[in-house]
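Enquirer: have a look; sequence and predicted model below, questions after that.
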Amino acid sequence: MLTPEPRCAAESLAVAEPLAGSATTATAFLLLEERGPWGHDAWRDARLPEGLGATILQRAAAAGVRPLMIRRDRDGGPADHGGKRRLFAASSAAGEAWLESTQISDPGELLDLDLSALGSGESLGLTPHSDAIYLVCTHGRRDRCCAELGRPLLQAVEAAAPGQAWGVSHLGGHRFAGNLLILPQGLMYGRVAPSQAAALVRAHGGGRILAEHLRGRTSWPPPVQAAEVALRVERNIDLESALELLDSDDRGDHWLVTFAVSGQVHRLKVTADRSQRLRQSCTDEEPSAVTAWTATLS
């Protein structure tokens, strides 16, 4: 009998690797609907015009924009939808988050977008999109955990928030699957089970956060992400807008992060532990060092 291949998500969960402080860091996002196969590297391997994906990756990196691919199902192509592809642009900057959208017929239209403006938090002039979108990583060609845990989660999120859920290409952190990113707020969750999808959607709709599964806000660096999660857990704060970041100071061997909550100031000391070694992807043959953040009220 063949022994099942170990999964990186199961290994991470088994040692209770902390979620806090593990979110992707980005304040600007560009999302393109691509219903065909993504391959391992979505923008380079998808069926886009020759060289387009590499060009967008280069321009996005220079502008500080995170480009992602999205789709609602695994089959079909743009021709099934009148040749139109959904395009989103988002800024997750704290207190200034926004989301806008349009449809394009030709992926080459991406070359006309001012990604430098988007990276600076400026609108691309698309149509404002008032509803949040729920992005579940289903990029199975990148990592098995994202397929096995992401696809059932996507179905559950779609059932809880019809029309607002999308499968998305690699977000980062396969071992925390199922991974979910909410835009425009930039809230990233990990280890979300399908049975928890409805509660998460309800919480977000009510302006609240489920800190137990929060990896962090993409607009903040990892130590600040970890500090927010720790403060929310310690003080039982679930209102999304309750925290105001006042200051974050890198002291070398630790960070000091200061929040205001209802007029009260809370300071947290955040330290990094890099002693643990884990496989960060199912394809990794050997473990490597991972960072675990610890935040305590000071």
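Expert: Structure's in. What do you need? Residues are numbered from 1 along each chain as shown.

Enquirer: and S288, how many neighbours?
Expert: Counted by other Cβ atoms under 10 Å, the residues lying close to S288 total 10. Every residue, glycine included, has its C-beta placed from N, CA and C.

Enquirer: list the beta-bridge partners for it.
Expert: According to DSSP bridges, the partner residues bridging S288 are L278.

Enquirer: you'd agree it is up against Q280?
Expert: Yes: S288 is within contact range of Q280, at 6.2 Å (criterion: Cβ atoms under 8 Å).

Enquirer: OK, contacts around L231?
Expert: For L231, the contact set (Cβ atoms under 8 Å, 6 or more residues apart in numbering) comprises 237, 243, 259, 261, 266, 268, 295, 297.

Enquirer: now rank these by neighbours and give me the top one.
Expert: A295 (26 neighbours).

Enquirer: list of residues touching the longest helix anywhere in the chain?
Expert: Longest helix in the chain by number of residues (criterion: DSSP state H): helix 144-160. Contact partners of helix 144-160, identified using Cβ under 8 Å, 6+ apart, comprise 5, 7-9, 72, 134, 136-140, 164-167, 170, 174-175, 177-180, 192-195, 197-198, 200-202, 282.

Enquirer: closest one to A97 out of the contacts of L231, please.
Expert: Distance to A97 across those (Cβ to Cβ) is lowest for L243, with 14.4 Å.

Enquirer: got the phi and psi for that closest one?
Expert: L243 adopts backbone torsions of phi -100, psi 140, taken as degrees, to the nearest 10.

Enquirer: helix, strand, or coil at the nearest residue to it once chain neighbours are set aside?
Expert: Leaving out its chain neighbours, the residue that sits closest to L243 by Cβ to Cβ, 6 or more residues apart in numbering is F259, at 4.9 Å. What DSSP: H, G, I helix; E, B strand; the rest coil gives for F259 is strand.

Enquirer: would you agree F259 is in contact with V224?
Expert: No: assessed by Cβ under 8 Å, F259 is found out of contact with V224, at 9.2 Å.

Enquirer: from the chain's centre, how far out does stretch 133-144 sit?
Expert: 10 Å (Cα atoms, centre = their mean, to the nearest Å).

Enquirer: restricting to C-alpha, output that stretch in PDB.
Expert: Only the C-alpha atoms of stretch 133-144 are listed here, as PDB (Å, rounded to 0.1, in the frame of the first residue of the first chain):
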ATOM      1  CA  ILE A 133     -14.800  40.200  -2.900                       C
ATOM      2  CA  TYR A 134     -13.700  37.000  -1.200                       C
ATOM      3  CA  LEU A 135     -10.600  35.400  -2.900                       C
ATOM      4  CA  VAL A 136      -9.800  31.800  -2.000                       C
ATOM      5  CA  CYS A 137      -6.500  30.400  -3.200                       C
ATOM      6  CA  THR A 138      -7.300  27.400  -5.400                       C
ATOM      7  CA  HIS A 139      -3.900  27.300  -7.300                       C
ATOM      8  CA  GLY A 140      -3.400  23.600  -7.200                       C
ATOM      9  CA  ARG A 141      -0.600  23.600  -9.800                       C
ATOM     10  CA  ARG A 142       1.400  25.700  -7.300                       C
ATOM     11  CA  ASP A 143       0.600  23.500  -4.300                       C
ATOM     12  CA  ARG A 144      -1.700  20.600  -3.600                       C
END
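
Enquirer: how much space between A16 and A292?
Expert: Look at A16 and A292: by Cβ to Cβ, to the nearest Å, they are 10 Å apart.

Enquirer: the more surrounded of those two?
Expert: The residue with more neighbours, out of A16 and A292, is A292; 19 against 8, by other Cβ under 10 Å.

Enquirer: now that one. Its backbone dihedrals?
Expert: phi -110, psi 130.

Enquirer: equivalent analysis for R217, please.
Expert: phi -90, psi 130.

Enquirer: which non-adjacent residue is nearest it?
Expert: G186 (5.3 Å).

Enquirer: for D247, see how far away that neighbour is.
Expert: 20 Å.

Enquirer: look at those two and report which has more neighbours.
Expert: Between G186 and D247, G186 has the larger neighbour count (other Cβ under 10 Å), namely 26 against 12.

Enquirer: can you name the residues that contact that one?
Expert: So G186 contacts 26-27, 90, 92, 97, 217-219 (Cβ under 8 Å, 6+ apart).

Enquirer: can you rerun that using 6 Å?
Expert: 92, 217-219 (Cβ atoms under 6 Å, 6 or more residues apart in numbering).

Enquirer: and if you look at R141?
Expert: 39-40.

Enquirer: distance-wise, check it relative to S130.
Expert: R141 sits at a distance of 33 Å from S130 (criterion: Cβ to Cβ).

Enquirer: just want the most central residue of this structure.
Expert: L181 (3.8 Å; Cα atoms, centre = their mean).
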